[in-house]
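*Asks:* model the structure of this input:
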Amino acid sequence: MFGSLALDYKPTLGTSVKPVYRYTGPRPDIAEQLPSYSLVDISGSYEVTDSFRAYINIYNVLDYEYEEISGYGTPGRWGLAGVQWTL
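*Replies:* Below is the predicted model:
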């Protein structure tokens, strides 16, 4: 079982903040049953103009340790930032 819940909050015109909660339930793997885990992500963006937007995404905000596949680690907290230009 898995699922997510997101809230897209727009505090002012041209800005967006989006927290996301992700849940993955227990699941079978080749050698064992993997436990469930929950993650929290957050993203934000700002429209500088109609065609230019800056954004930032932060994943696993709480720096939770989990495995998607037995024996293989996953990144801790990580993020990315960028700009988008639309023609």
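
*Asks:* only C-alpha atoms for contact and neighbour calcs from this point on.
*Replies:* Will do.

*Asks:* list the residues that contact Thr74.
*Replies:* By C-alpha atoms under 8 Å, 6 or more residues apart in numbering, the residues touching Thr74 are Glu65, Tyr66, Glu67, Glu68.

*Asks:* let's have those residues in JSON lines, adding neighbour count, distance to Ile30 and secondary structure.
*Replies:* Rendered in JSON lines, the data for these read as follows (neighbours: other C-alpha atoms under 10 Å; distance: C-alpha to C-alpha, whole Å; DSSP: H, G, I helix; E, B strand; the rest coil):
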{"residue": "Glu65", "neighbour count": "14", "distance to Ile30": "20", "secondary structure": "coil"}
{"residue": "Tyr66", "neighbour count": "18", "distance to Ile30": "17", "secondary structure": "coil"}
{"residue": "Glu67", "neighbour count": "14", "distance to Ile30": "13", "secondary structure": "strand"}
{"residue": "Glu68", "neighbour count": "15", "distance to Ile30": "12", "secondary structure": "strand"}
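
*Asks:* and the residues you listed as a markdown table, adding pLDDT and distance to Pro19?
*Replies:* Converted to a markdown table, those look like this (pLDDT from 0 to 100; distance: C-alpha to C-alpha, whole Å):
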| residue | pLDDT | distance to Pro19 |
| --- | --- | --- |
| Glu65 | 94 | 19 |
| Tyr66 | 93 | 20 |
| Glu67 | 91 | 22 |
| Glu68 | 90 | 22 |
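
*Asks:* just name the closest of those to Thr15, please.
*Replies:* Closest approach between the contacts of Thr74 and Thr15, by C-alpha to C-alpha: Glu65, at 31.0 Å.
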